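K.L.:
quick one, fold the following:
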Amino acid sequence: MHRRAHFKKNFSKQDLNQGIMLCRTCHAGIHKRFDEMQLAKTLNTLAAIKQNPELEKFFSWVSKQRLQHS
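P.N.:
Alright, predicted model coming up:
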């Protein structure tokens, strides 16, 4: 994403390198539902991710699961 003209033009390097801390299950679930371009353009903040109805339902399900320890 960082090399694409749209993102270079509209975001600073600092913005592009910013991340959101998520558990592995939530991270995988997000990427299963949305491609990287959708995430970069529309779900690029924690608030946007939390407000997405599909992800809200998924996060609710994840919160009820027992954690598996290695």
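
K.L.:
what segments of the protein are strands?
P.N.:
Assigned by DSSP state E, the chain shows no strands.

K.L.:
show me the shaky parts of it.
P.N.:
1-3, 67-70 (pLDDT under 70).

K.L.:
all helices of it, in order?
P.N.:
Applying DSSP state H to the chain gives helices spanning 5-10, 13-17, 24-33, 36-41, 46-51, 53-63.

K.L.:
could you quantify the relative orientation of the longest one and helix 24-33 as an angle?
P.N.:
Interaxial angle, helix 53-63 versus helix 24-33 (axes from the mean of the first three to the mean of the last three C-alpha atoms, to 10 degrees): 150 degrees.

K.L.:
not counting sequence-adjacent ones, nearest residue to residue 26?
P.N.:
residue 62 (5.9 Å; C-beta to C-beta, 6 or more residues apart in numbering). Placement of C-beta: from N, CA and C, glycine included.

K.L.:
relative to residue 5, how far out is the one you found?
P.N.:
Residue 62 sits 35 Å away from residue 5, going by C-beta to C-beta, to the nearest Å.

K.L.:
looking at the two, which is more packed in?
P.N.:
Under the neighbour definition other C-beta atoms under 10 Å, residue 62 and residue 5 were set side by side, and residue 62 has more, 15 against 7.

K.L.:
thinking that one is in contact with residue 27, fair?
P.N.:
No. Residue 62 sits out of contact with residue 27 when judged by C-beta atoms under 8 Å, with a separation of 10.6 Å.
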